[in-house]
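**Student:** what follows is a protein structure lacking sequence information:
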């Protein structure tokens, strides 16, 4: 039966976690998904306590992710979860995703997709072999005006793209929070859990993904300078990158977690031969279009002039702000609709499939490895790792 909510199991996201609650709220916004089970912590007691706080039956609150996969797979088809949402630290993404696919479940995973590029490539093979649906929560692609900007560029309204400037400054790691038992800082600055990068792996990948998603261009090479300003910090907390895109466009990517006073100031400016676009995540309902021979145009979410795809991802009339959770929700809704159609033997449409895929995950890990390699290299330019 496919005419029902998709049943979600979650790994990670228990007591004290930030992103797990975000995923749960976003998954529920459109009424397409319900949380039915979870392994919310590597500590069995904490996992079960977290599940209890979420009003789940005790028998569906598991002590480990493998226990969850085994017991859910053994349930009747009408009861077991349909997919797994992975909201753990980076080093656990691959083992959980692999276990879920082997057990026959669809997967939605937080970014970066895996701990390293080798795992990302292996995961792609597993997704293809399993035939299951895989989504990656690069949530900023879910904003209606980001989609409208992408469609304007794809239609050639800006002409040939010449320059891309994308920034993601934060200030929350300006001090050594990881030494104060701050959970989010502790694992992000730990190479054993985060991987080879902190800032670029955490938020630089969002900037890279947004630039490629919006422009349709791929980064070809880069010249990077990464720094760890935090005393004793092993991973970068700031980075500046010159970019070259296939086709000749040039770019700048700046990501920082030590920019004092900044919150989540992700923004992007794209310049073509005939015009430019500017969008800011902290004011996501406005897109500025700038033209050679016309006045600057303010495009508003819910207003006229949006692409059909943007309209399909707009929930409220103009003037009623939509934001971060709704952008996340668009990925969950499309993912759920795709699962529903795949399970019914039907072909998902373009809007259903409008969510980041395993290929986007590979691009993200390749970006992380290239940017770190470039920063360490004596060469001016480093080719994008494939």
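**Tutor:** Thanks, I have the structure now. If you're wondering where the values come from, they're calculated on a predicted model, not measured in any experiment.
**Student:** what about residue 341, distance to residue 31?
**Tutor:** 17 Å (CB to CB, to the nearest Å). Yep, even glycine has a C-beta here, placed from its N, CA and C like the rest.
**Student:** more neighbours: those two, which one.
**Tutor:** More neighbours surround residue 341 than the other of residue 341 and residue 31, with 17 against 9 (other CB atoms under 10 Å).
**Student:** Three-state assignment for the residue lying closest to the more buried one once chain neighbours are set aside, please.
**Tutor:** Distances taken as CB to CB, 6 or more residues apart in numbering place residue 348 nearest to residue 341, at 4.7 Å, with adjacent residues excluded. Taking DSSP: H, G, I helix; E, B strand; the rest coil as the rule, one finds residue 348 in the coil state.
**Student:** report the contact partners of residue 348.
**Tutor:** Under the criterion of CB atoms under 8 Å, 6 or more residues apart in numbering, the contact list for residue 348 reads 337, 338, 341, 342.
**Student:** out of those residues, who's nearest residue 364?
**Tutor:** Nearest to residue 364, judged by CB to CB, of the contacts of residue 348 is residue 338 at 20.4 Å.
**Student:** in a helix, that closest one, correct?
**Tutor:** Yes: assessed with three-state DSSP, residue 338 lies in a helix.
**Student:** show me the helices in the stretch 201-350 of the chain, by range?
**Tutor:** For the stretch 201-350 of the chain, the helices defined by DSSP state H, counting those that start in this stretch cover 205-215, 308-312, 324-343.
**Student:** what pLDDT, on average, does the shortest one get?
**Tutor:** Going back to what we said before, that points to helix 308-312. On average, the pLDDT along helix 308-312 is 94.
**Student:** give me the residues contacting that helix.
**Tutor:** For helix 308-312, contacts defined as CB under 8 Å, 6+ apart pick out 144, 145, 147, 148, 151, 301, 350, 351, 354.
**Student:** low pLDDT regions in the protein?
**Tutor:** The chain contains residues with pLDDT under 70 at 1-2.
**Student:** what segments of it are strands?
**Tutor:** Using DSSP state E, the strands found in the chain span residues 6-12, 33-39, 83-87, 106-109, 134-136, 161-169, 219-227, 238-245, 250-256, 267-272, 275-280, 283-291, 297-300, 382-383.
**Student:** closest to residue 365 out of those strands?
**Tutor:** Residue 365 sits nearest to strand 134-136 of all the strands of the chain, at 10.8 Å, using CB to CB.
**Student:** for the closest one, packing partners?
**Tutor:** strand 106-109, helix 324-343, helix 358-376 (3 or more CB pairs under 8 Å, 6 or more residues apart in numbering; DSSP states H and E).
**Student:** so which of the ones you listed is the most surrounded?
**Tutor:** strand 106-109 (a mean of 27; mean count of other CB atoms under 10 Å).
**Student:** quick one: that one to chain centroid distance?
**Tutor:** 12 Å (CA atoms, centre = their mean, to the nearest Å).
**Student:** and what of stretch 35-54?
**Tutor:** With CA atoms, centre = their mean, you get 23 Å for stretch 35-54.
**Student:** that stretch: end-to-end distance?
**Tutor:** One end of stretch 35-54 sits 9 Å from the other (CA to CA, to the nearest Å).
**Student:** can you list contacts of that stretch?
**Tutor:** With CB under 8 Å, 6+ apart as the contact definition, stretch 35-54 has outside contacts at 7-15, 17, 20, 24, 27-28, 56, 58, 60-65, 67-68, 72, 81.
**Student:** got the contact list for the residue nearest to residue 86 when sequence neighbours are not counted?
**Tutor:** Spatially, and ignoring its direct neighbours in sequence, residue 86 is nearest to residue 109 (4.3 Å; CB to CB, 6+ apart). Contact analysis of residue 109 by CB under 8 Å, 6+ apart lists 85, 86, 93, 97, 134, 135, 136, 137, 361.
**Student:** likewise residue 176?
**Tutor:** 230, 231, 232, 233.
**Student:** for the last one, list the residues it contacts.
**Tutor:** Read it as residue 233. 176, 178, 189, 198.
**Student:** before we move on, what about residue 272?
**Tutor:** Here residue 272 is in contact with 153, 158, 159, 160, 161, 162 (CB under 8 Å, 6+ apart).
**Student:** buried ones among the residues you listed?
**Tutor:** Among the contacts of residue 272, those buried by neighbour count (16 or more other CB atoms under 10 Å) are 153, 158, 161, 162.
**Student:** out of these, the closest to residue 385 would be?
**Tutor:** For the buried ones among the contacts of residue 272, the nearest to residue 385 is residue 161 (22.9 Å; CB to CB).
**Student:** ok, the closest one touching residue 251?
**Tutor:** No: Residue 161 is beyond contact range of residue 251, at 9.4 Å (criterion: CB atoms under 8 Å).
**Student:** tell me how many other residues surround the residue found closest to residue 333 once you drop the neighbours it is linked to in the chain.
**Tutor:** Closest residue in space to residue 333, ignoring its immediate chain neighbours: residue 30 at 4.5 Å, by CB to CB, 6+ apart. Using other CB under 10 Å, residue 30 has 17 neighbouring residues.
**Student:** how much space between residue 173 and residue 235?
**Tutor:** Counting by CB to CB, the gap from residue 173 to residue 235 is 10 Å.
**Student:** got any residues that touch both of the two?
**Tutor:** With CB under 8 Å, 6+ apart, residue 173 and residue 235 have common neighbours 188, 189, 198, 199.
**Student:** so which of these sit within helices?
**Tutor:** 188, 199 (DSSP state H).
**Student:** and the two most separated of the shared contacts of residue 173 and residue 235?
**Tutor:** Using CB to CB, the shared contacts of residue 173 and residue 235 span at most 9.6 Å, a distance reached by 189 and 199.
**Student:** shared neighbours of those two, anything?
**Tutor:** 173, 235, 237.
**Student:** now a ChimeraX select for only the buried ones of the residues you listed.
**Tutor:** Buried members of those, identified by 16+ other CB under 10 Å, are gathered into one ChimeraX selection as follows:
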select :173,235,237
